[in-house]
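**Student:** Give the three-dimensional model of this entry:
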Amino acid sequence: MDRTQLHQVSPALEARSQPHATSRTELHPRPRVVVSECLGFEACRHNGQIIRDDFVSALRPHVDFVKICPEVAIGLGTPREALRLVERKWQLRMVQPATGKDFTHEMESFATEYLKALGPVDGFILKGRSPSCGIKDAKRYPLAEKCAPAGRGPGVFGARVLDLYPGRAIEDEGRLRDGRIRAHFLTQLYTLARFRELEKNPTRADLIAFHAGHKLLLLAYNQKEMRNLGGIVGAMNGREIREVFADYREGLERAMSRMPRHRSHINVLEHAVGYFSDEVSRSERNHFTHLLGEFAEGRAPLSVPASVLRSWTERFDSDYLRGQVYFAPYPKELTINRQALAKGLLPA
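**Tutor:** Numbers count the residues shown, from 1 in each chain. The predicted structure follows:
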């Protein structure tokens with residue numbers, strides 16, 4: 001792809017937005033994140049325990065957490081007898097084997113009422129494997145009695161989250177131990193938070209600025225949706241601005257829904273280095289190509305070649321690249337050194 005294909009908005013409009021990603025919001029606003037309360041906040045697990053999670057702790061200074069324990073919210077005490085998901089006649093039930101009670105209706109009703117009253121939210125971090133909060137891997141059993149699980153899937157509360165918030169950043173604490181999943185989660189989370197800030201008082205100028213500043217990020221995530229979003233921005237004159245923003249959000253959520261492939265990141269970095277083709281020496285270019293190869297082979301994180309481009313951006317005063325969110329999609333405090341990375345704490 002050449003550079004001209006990236007520019008769906010006229011150069012005159014795009015020039016107004018540089019070098020900032022948005023014209024009136026900070027680069028990293030505080031996302032609003034629903035979190036399972038047992039993840040470091042309250043000892044509300046069924047066994048009365050609390051789970052210390054390093055990633056959730058690291059996020060505390062940077063996000064606004066909305067804490068919830070659905071099982072406590074429907075009146076179950078702490079500690080309590082464990083719940084399990086049982087598939088009966090093609091229906092999923094949430095039961096308490098020790099008492100024989102069925103809490104499916106209570107949990108489904110609570111989940112629907114709670115989530116519909118929740119207000120704007122950018123993401124969820126829910127307890128994995130939980131019959132209430134699980135989003136992918138809660139065990140499902142054929143019987144309430146002791147037996148082997150027959151499969152896995154979302155819990156009752158988690159399923160409603162996935163149903164009502166399909167475009168948000170949603171993960172469980174177990175999957176967030178994977179560096180690539182964390183990086184994707186944070187990028188998606190902060191991108192949605194930036195857009196939500198603009199939605200409070202939507203203007204055409206702010207949407208132009210937002211799109212211009214997120215072009216490389218969108219190119220990495222979904223080239224087709226990047227073009228679609230560019231078309232929405234380019235054709236918004238004469239349309240009601242809130243309708244434009246609604247269409248843009250829909251496309252943005254689709255674009256950010258899947259983790260980018262390595263090849264997509266390489267395409268973006270190769271595109272970006274073209275801005276310095278007349279400035280850097282052959283040896284510098286060769287060194288960058290080597291680092292790009294290390295990333296492609298999985299021997300170096302994305303931050304290694306990206307940091308070279310950031311240094312060239314300042315060295316050669318590139319306003320366009322300085323304004324690209326791609327190079328700082330979430331707070332730098334959430335990217336820490338290799339020693340911590342090796343322990344699986346945070347993404348590079």
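
**Student:** Let me know the next secondary structure element after the lowest-mean-pLDDT helix or strand in the chain.
**Tutor:** Least confident helix or strand of the chain, by mean pLDDT, DSSP states H and E, is helix 11-17 with a mean of 37. The helix or strand immediately downstream of helix 11-17 is strand 32-36, counting by DSSP states H and E.

**Student:** Need the contact partners of that next one.
**Tutor:** 41, 56, 59, 63-69, 118-127, 130, 133, 161, 173, 189, 193, 196 (C-beta atoms under 8 Å, 6 or more residues apart in numbering). Every C-beta, even on glycine, is put in place using the N, C-alpha and C of the backbone.

**Student:** Next: stretch 163-173.
**Tutor:** With C-beta under 8 Å, 6+ apart as the criterion, stretch 163-173 contacts 36, 39, 51, 53, 55-56, 115-116, 121-129, 133-137, 161-162, 181, 185, 188-189, 192, 249-250, 252-254, 256-257.

**Student:** Give me the buried subset of those.
**Tutor:** Taking 16 or more other C-beta atoms under 10 Å as the criterion, what is buried in the contacts of stretch 163-173 is 36, 39, 53, 55-56, 115, 121-129, 133-137, 161-162, 181, 185, 188-189, 192, 249, 252-254, 256-257.

**Student:** How about Arg52, nearest residue that isn't a chain neighbour?
**Tutor:** Spatially, and ignoring its direct neighbours in sequence, Arg52 is nearest to Gly40 (5.6 Å; C-beta to C-beta, 6 or more residues apart in numbering).

**Student:** So the one you found lies in a helix, does it not?
**Tutor:** No. The assignment for Gly40, made by DSSP: H, G, I helix; E, B strand; the rest coil, is coil rather than a helix.

**Student:** wait, what's in contact with it?
**Tutor:** Listed by C-beta under 8 Å, 6+ apart, the contact partners of Gly40 are Ile50, Ile51, Arg52, Asp53, Val56, Ser57.

**Student:** Roughly how far does it sit from Phe185?
**Tutor:** Computed as C-beta to C-beta, to the nearest Å, the Gly40 to Phe185 distance reads 17 Å.

**Student:** same thing with Leu309?
**Tutor:** Relative to Phe185, and taking C-beta to C-beta, Leu309 is found at 23 Å.

**Student:** Repeat that for Pro331.
**Tutor:** Counting by C-beta to C-beta, the gap from Pro331 to Phe185 is 14 Å.

**Student:** again with Pro166
**Tutor:** Taking C-beta to C-beta, one finds Pro166 at 15 Å from Phe185.

**Student:** Got the phi and psi for Ile50?
**Tutor:** phi -120, psi 150 (degrees, to the nearest 10).

**Student:** Wait, it touches Cys38, no?
**Tutor:** Yes. Using C-beta atoms under 8 Å, Ile50 makes contact with Cys38 at a distance of 6.1 Å.

**Student:** what residues are shared contacts of those two?
**Tutor:** Common neighbours of Ile50 and Cys38 (C-beta under 8 Å, 6+ apart) are Cys44.

**Student:** Which of these two has more residues huddled nearby?
**Tutor:** More crowded of Ile50 and Cys38, by other C-beta atoms under 10 Å: Cys38, with 24 against 14.

**Student:** Could you export the longest helix along the chain as CSV, CA atoms only?
**Tutor:** The single longest helix within the chain, with elements called by DSSP state H, is helix 179-199. This file holds the C-alpha atoms of helix 179-199, laid out as CSV (Å, rounded to 0.1, in the frame of the first residue of the first chain):
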residue,chain,number,x,y,z
GLY,A,179,1.3,-10.2,26.5
ARG,A,180,-0.2,-9.9,23.1
ILE,A,181,-3.8,-10.2,24.5
ARG,A,182,-3.0,-7.5,27.1
ALA,A,183,-1.6,-5.2,24.4
HIS,A,184,-4.7,-5.7,22.3
PHE,A,185,-7.0,-5.2,25.2
LEU,A,186,-5.3,-2.0,26.3
THR,A,187,-5.2,-0.6,22.7
GLN,A,188,-8.9,-1.4,22.2
LEU,A,189,-9.8,-0.1,25.6
TYR,A,190,-8.1,3.3,25.2
THR,A,191,-9.2,3.8,21.6
LEU,A,192,-12.8,3.4,22.7
ALA,A,193,-12.3,5.7,25.7
ARG,A,194,-10.9,8.4,23.4
PHE,A,195,-13.9,8.1,21.1
ARG,A,196,-16.3,8.1,24.0
GLU,A,197,-14.9,11.4,25.2
LEU,A,198,-15.6,12.9,21.8
GLU,A,199,-19.1,11.6,21.8
